[in-house]
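K.L.:
Just need the structure, nothing else, for what follows:
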Amino acid sequence: MMTVFGTTGRIENMKNKFIKSVAVILVSVCMCASTVYADNPGLIKRSQDACKNATYDIPTVTNDIEGWPQGPAIMCDAGVVMEQETGTVIYNKAMEEKRYPASTTKIMTALVALENSSLTDTVTFTAEGLREAVPGNSYVTPVLQVGETLTMEQCLYAIMLVSGNEVSTQVAMQVGGSLEGFVELMNQKAEELGCRNTHFVNANGLHDENHYTTAYDLALIARAAYENEDFRKITGTKYYTIPATNMTSQPRELSNHHALLGEGGDWSYEGCLGGKTGYTDAALNTLVTYFEKEGTVYIAVVMHYKGTQIFTDTVMLAEYAKEFEKLHVIPEAYLVSGGVAVVPKGTQPDEVEIEMQGDGTSKEEKERLLFHGYQTGEAVVNEAARIQDEEAAQEEEEQIREELEKEQTESESLWENQEETSFYECIMAILGGLILLGLVMIIISVLARKKRRKKKSKKRKAGK
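P.N.:
Here you go, the predicted structure:
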């Protein structure tokens, strides 16, 4: 079932499109003029050059959507760009194919820990947890010692900034009661978020054939994590210091591994809000990035490529996001939640189809917002209020129609009466004229007779 809100006339729609197109052009020109200094043009140029070697051997599915901006070819084998608020996917390259996540796993680790502990909790390190603090792995330096204590907050910074494998395992054992218990929480959370091809066996992403996800599922996890205020703060931090502990007098200086985060430098990218890196020999490089464009937050996930192209690919995807905007489609009067579509710039509200998911009998109904059949958002609307307003509008329209019909009937009746009256008046006038003519003729005839009689009388007198 399709419903349309706020339909305008064709002429008005064309005028609105023209005005908006001009506005978009002017805004684009102004942005180009103003942001060239804020962005890192050298990084963008390097990213463009790197992507010149990329091909579309693996299809970019979203490029086949009618009216959709063509996305860039990227070097990584899988990639996705998801808008944070709506979950709309604006870029899809093999996003449903299973891949090894490596340390991007730690986004789920941090999310589950945040939801099941307090930042002020203490974590005491054990020999079992510290087994993974070995060369070849990512771990905190100076190396943590058995019996050393950190707060949960400090542990989460160590997990997200320097990808501490040993910290991930120790946190998992504490929060889940055991590593297995924590992994069960991770898999439950993944299912809750709608992940279809994800399975975890550890908390740090070290390789295991049964530890996998997809670019799309990883974006869903990243989206859920970003809704947590503490997570947003942690992932967006470039530097963090763990002060002296109960066993170490030297503070630990942590630096975020995400190269695009921060100010200055060859790799800093304007709008980057954080994310998580990952690498194993099987997974190759993986990267999750949060970035903001024109007030809208997006999530980019790229997987399976060895080298810095994970960063240049991400820059190209972030630049591509400039082709889109949020569009409010559902009137506020009926909106319960959602109602925003992420669409190519210049799209008019009446170009977005609204598909009702239910049968219209519920008080609140879920609706899909579609651009040429492709979902770009969703909404929950107060269907009862909308139906009530529609019925009231129809009733008012019916009353107006009845009044117009009544007026028209009265007008026609009056006209008919006037016509009938005019006809009778005309007949009476004719009859009156005929009677008058008859009287005149009679008078003339009488006068003529009198005149003839006088003549005859004169002739008789003359004859005598």
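K.L.:
Which residues are in contact with Met108?
P.N.:
Going by C-beta atoms under 8 Å, 6 or more residues apart in numbering, Met108 touches Met186, Lys189, Ala190, Phe200, Ile221, Ala225. C-beta: built from backbone N, CA, C; applies to glycine.
K.L.:
Check Pro344 too.
P.N.:
Neighbour list for Pro344: Gly67, Trp68, Pro69, Glu323, Phe324, Glu325, Phe371 [criterion: C-beta under 8 Å, 6+ apart].
K.L.:
From the residues you listed, which land in strands?
P.N.:
Cross-referencing these against strands under DSSP state E gives Phe324, Glu325, Phe371.
K.L.:
top of the residues you listed by neighbour count?
P.N.:
In terms of neighbours by other C-beta atoms under 10 Å, the ones in strands among the contacts of Pro344 top out with Phe324 at 25 neighbours.
K.L.:
Pretty sure Met303 sits in a strand.
P.N.:
Yes. According to DSSP: H, G, I helix; E, B strand; the rest coil, Met303 belongs to a strand.
K.L.:
was I right about it contacting Ile74?
P.N.:
No. With contact defined as C-beta atoms under 8 Å, Met303 does not count as touching Ile74 (10.6 Å).
K.L.:
Check the secondary structure at Val112 for me.
P.N.:
Per three-state DSSP, Val112 ends up helix.
K.L.:
For it, which non-adjacent residue is closest in space?
P.N.:
In this structure, Val112 finds its nearest non-sequential neighbour in Leu185, 5.0 Å apart by C-beta to C-beta, 6 or more residues apart in numbering.
K.L.:
Tell me how many other residues crowd that neighbour.
P.N.:
22.
K.L.:
Could you check the pLDDT of it?
P.N.:
Leu185 is assigned 98 on the pLDDT scale.
K.L.:
Need phi/psi at it.
P.N.:
Leu185 adopts backbone torsions of phi -60, psi -40, taken as degrees, to the nearest 10.
K.L.:
so where do the helices sit in the chain?
P.N.:
Applying DSSP state H to the chain gives helices spanning 10-35, 41-51, 106-115, 127-130, 152-161, 165-176, 179-192, 215-226, 229-235, 309-320, 383-463.
K.L.:
Ile299: which of those is closest?
P.N.:
helix 215-226 (4.9 Å; C-beta to C-beta).
K.L.:
which outside residues touch that closest one?
P.N.:
Residues outside helix 215-226 that contact it (C-beta under 8 Å, 6+ apart): 78-80, 82, 84, 87, 89, 92-97, 99, 101, 104, 107-108, 110-111, 189-190, 193-198, 213, 231-232, 235, 275, 288, 290, 297, 299, 301-303.
K.L.:
could you redo the last one with a cut-off of 6 Å?
P.N.:
Residues from elsewhere that reach helix 215-226 (C-beta atoms under 6 Å, 6 or more residues apart in numbering): 78-80, 82, 84, 95-96, 107-108, 111, 193-195, 197-198, 231-232, 288, 299, 301, 303.
K.L.:
just to revisit the earlier point, in CSV: the ones in strands among the contacts of Pro344, plus pLDDT and distance to Ala341.
P.N.:
CSV is the format used below for the ones in strands among the contacts of Pro344 (pLDDT from 0 to 100; distance: C-beta to C-beta, whole Å):
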residue, pLDDT, distance to Ala341
Phe324, 98, 10
Glu325, 97, 9
Phe371, 96, 7
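K.L.:
Throw those residues into JSON lines and include distance to Tyr56, thanks.
P.N.:
JSON lines is the format used below for those (distance: C-beta to C-beta, whole Å):
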{"residue": "Phe324", "distance to Tyr56": "20"}
{"residue": "Glu325", "distance to Tyr56": "25"}
{"residue": "Phe371", "distance to Tyr56": "22"}
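K.L.:
picking up where we left off before, please identify which of the helices of the chain is closest to Ser249.
P.N.:
Per C-beta to C-beta, nearest to Ser249 of those: helix 152-161, 15.8 Å.
K.L.:
Next, the angle from that closest one to helix 106-115.
P.N.:
Put simply, helix 152-161 runs at 170 degrees to helix 106-115, going by axes from the mean of the first three to the mean of the last three C-alpha atoms, to 10 degrees.
K.L.:
chain center to helix 152-161, what's the gap?
P.N.:
Relative to its chain's centre, helix 152-161 lies at 32 Å (C-alpha atoms, centre = their mean, to the nearest Å).
K.L.:
So what touches it?
P.N.:
Residues outside helix 152-161 that contact it (C-beta under 6 Å, 6+ apart): 106, 110, 117, 119, 121, 123, 140, 164, 167-168, 171, 234-235, 240, 242, 254, 256.
K.L.:
In PDB, please show the C-alpha coordinates belonging to that helix.
P.N.:
The C-alpha coordinates for helix 152-161 follow below in PDB (Å, rounded to 0.1, in the frame of the first residue of the first chain):
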ATOM      1  CA  MET A 152      37.100  -0.500  33.100                       C
ATOM      2  CA  GLU A 153      37.300   3.000  31.500                       C
ATOM      3  CA  GLN A 154      41.100   2.700  31.100                       C
ATOM      4  CA  CYS A 155      40.700  -0.800  29.700                       C
ATOM      5  CA  LEU A 156      38.300   0.400  27.000                       C
ATOM      6  CA  TYR A 157      40.700   3.100  25.900                       C
ATOM      7  CA  ALA A 158      43.400   0.500  25.700                       C
ATOM      8  CA  ILE A 159      41.100  -1.800  23.600                       C
ATOM      9  CA  MET A 160      39.900   0.900  21.200                       C
ATOM     10  CA  LEU A 161      43.100   3.000  20.800                       C
END
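K.L.:
picking that back up, between the helices of the chain, which one is nearest to Gly339?
P.N.:
Proximity to Gly339 (C-beta to C-beta) singles out helix 383-463 among the helices of the chain, at 12.4 Å.
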